[in-house]
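1. what shape does this take:
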Amino acid sequence: MVGSFGLGALELGVATAATQIEGGNADTNWHAWARTPGHIVDGSSPSRAADHWNRVADDTALLARMGIKHYRMGLEWARVEPRPGEFDEEAIAHYVEELRGLQAAGIRPLVTLHHFNNPMWFEELGGFASPKAVAIFTRYAERMVTALRDLVSEWITINEPNIYATHAYLFGTWPPGKRSVRTLLKVFTNLAVAHIRAYELIHELQPEAKVGVANHLRVFEPLRSWNPLHKASAWGMAYLFQDAITRAMSVGRFLAPFTQPKGLKPGQYYDFQGINYYSRSTVRSFADGTAKRVPINDLGWEIYPQGIVDVATAINARYPGPIYITENGTADTTDAFRSRFLYEHLQALVRSELPVVRYYHWCFTDNWEWLEGESARFGLVHLDYETQTRQVKASGRFYSDMIANNGVTSRAYDTYVASSEYRTNA
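-> Residues are numbered from 1 along each chain as shown. Prediction:
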């Protein structure tokens with residue numbers, strides 16, 4: 001039937017991150033960064049966010065009502081280890097209770113250990129530029145996996161290492177606001193080694209666990225396919241931004257511009273490949289660009305559904321195995337085109353016949369979106385920040401319908417997708 005398709009074995013879930021939804025005054029790098037005027041577009045702070053820390057039970061009930069069976073969540077490192085080597089048992093117990101609630105609701109968690117969120121004491125030691133970074137992160141990972149392993153069997157060690165490193169240590173727009181290629185390479189290396197050591201540790205503690213990285217991958221396409229400079233720039237940006245670091249974290253091979261760490265043996269350090277996909281970059285020099293006359297979202301990012309297949313195909317060719325789409329979503333304040341976005345990306349994945357077994361939409365609810373603060377809305381659930389009222393959007397109802405029917409029915413297409421249109425940057 002027109003507009004309909006089945007999901008087959010593809011399971012749908014939603015994703016969140018601790019700093020972006022929990023609220024409260026955790027002593028993190030982002031809370032400190034937000035206190036400086038001009039750092040955050042709308043001047044907001046993660047101290048409010050979605051107040052999830054105090055509303056866990058209600059949010060779990062909402063996930064259940066929406067039919068969500070898979071939930072990617074993060075841990076706030078600064079809450080559970082507020083001082084070096086000192087763990088807060090009450091904070092850990094809070095996460096245990098949250099996970100028990102998810103389990104009781106029939107919702108399977110995928111837990112992220114690091115999602116851009118450093119405790120300030122770690123940041124002040126140098127963060128992932130510190131020679132002690134790997135040992136410190138491994139200590140934290142060991143404590144949390146030991147505490148939660150009876151309730152969690154799937155882990156993401158580090159979220160988007162390339163985004164974190166380049167924004168924080170190359171562009172200087174994220175905390176700690178550094179601009180140093182030398183430090184950037186050190187941070188990249190330490191992130192990769194930290195993942196590998198955490199991967200080994202988790203399997204020692206929990207042999208049956210599935211462990212991976214949430215890689216930020218995008219399509220880099222030359223502005224003019226016939227122009228050798230454009231082609232070289234697209235290849236170079238893809239290699240430096242994502243290919244080299246993905247190789248290091250996946251198989252422990254550090255190619256130029258990285259140096260192979262002493263004592264680290266190549267091997268397979270993933271049980272699934274996590275992919276965060278949002279957009280395509282159109283390149284003519286070593287700078288991010290967007291094509292003209294293409295669909296865009298509220299942040300000006302190109303909407304390019306075929307790209308989710310392109311990046312998944314490339315990573316599957318290099319590192320075969322199960323693929324989780326650990327994030328995919330779009331900034332759409334009025335929920336005008338999110339249903340079409342979902343429809344087209346999921347349809348592309350299903351038709352690709354790639355081994356994609358899980359899809360997590362970003363985000364469950366509107367959240368504090370890093371530099372954009374509260375101004376960019378990615379949620380399936382609308383959040384009134386003043387009252388903390390949640391309301392499922394039309395796109396959220398569409399998502400629930402797809403879960404209930406294991407695909408898109410012609411009725412759902414007509415209701416949610418047919419009249420949904422993108423705007424362009426013509």
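
2. which one's the longest helix in the protein?
-> As assigned by DSSP state H, the longest helix anywhere in the chain is helix 181-205.

3. by contact count, what packs against that one?
-> helix 133-148, strand 154-159, helix 161-169, strand 210-216, helix 244-251 (3 or more CB pairs under 8 Å, 6 or more residues apart in numbering; DSSP states H and E). C-beta: built from backbone N, CA, C; applies to glycine.

4. counting by contacts, list what the third one packs against.
-> Helices and strands touching helix 161-169, by 3+ CB pairs under 8 Å, 6+ apart, are helix 181-205, strand 210-216, helix 244-251.

5. most tightly packed of these?
-> Each of those was scored by mean neighbour count; the highest is strand 210-216, a mean of 25, by mean count of other CB atoms under 10 Å.

6. that one pairs with which strands, and in what direction?
-> Using DSSP bridges, strand 210-216 pairs in its sheet with strand 154-159 (parallel), strand 273-276 (parallel).

7. and the shortest one, how far out from the chain middle?
-> It refers to strand 273-276. 8 Å (CA atoms, centre = their mean, to the nearest Å).

8. residues making contact with that strand?
-> Residues outside strand 273-276 that contact it (CB atoms under 8 Å, 6 or more residues apart in numbering): 156, 159-160, 212-217, 250, 308, 311-312, 315-316, 319, 321-328, 362.

9. alpha carbons of it, in CSV - could you do that?
-> Extracted in CSV, the C-alpha atoms of strand 273-276 (Å, rounded to 0.1, in the frame of the first residue of the first chain):
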residue,chain,number,x,y,z
GLN,A,273,28.8,-0.3,15.9
GLY,A,274,26.9,2.7,17.2
ILE,A,275,26.1,5.4,14.7
ASN,A,276,24.8,8.9,15.5
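
10. which ones are touching residue 25?
-> Residue 25 neighbours (CB under 8 Å, 6+ apart): 31, 47.

11. what about it, distance to residue 16?
-> 19 Å (CB to CB, to the nearest Å).

12. any idea which helix or strand in the protein has the lowest mean pLDDT?
-> Among the helices and strands of the chain, helix 228-238 carries the lowest confidence by mean pLDDT, DSSP states H and E, at a mean of 92.

13. just the CA atoms of stretch 293-309, as CSV, please.
-> What follows is stretch 293-309, C-alpha atoms only, in CSV (Å, rounded to 0.1, in the frame of the first residue of the first chain):
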residue,chain,number,x,y,z
ARG,A,293,18.3,24.3,-2.4
VAL,A,294,18.1,21.3,0.0
PRO,A,295,15.8,20.5,2.9
ILE,A,296,17.1,21.9,6.2
ASN,A,297,16.1,21.8,9.9
ASP,A,298,15.8,24.6,12.4
LEU,A,299,19.6,24.7,12.8
GLY,A,300,20.3,24.8,9.1
TRP,A,301,21.5,21.2,8.9
GLU,A,302,20.7,19.5,5.7
ILE,A,303,18.1,16.7,5.9
TYR,A,304,19.6,13.8,3.9
PRO,A,305,18.0,10.4,4.6
GLN,A,306,20.2,8.5,2.2
GLY,A,307,23.1,9.5,4.3
ILE,A,308,22.1,7.2,7.1
VAL,A,309,22.5,4.3,4.7
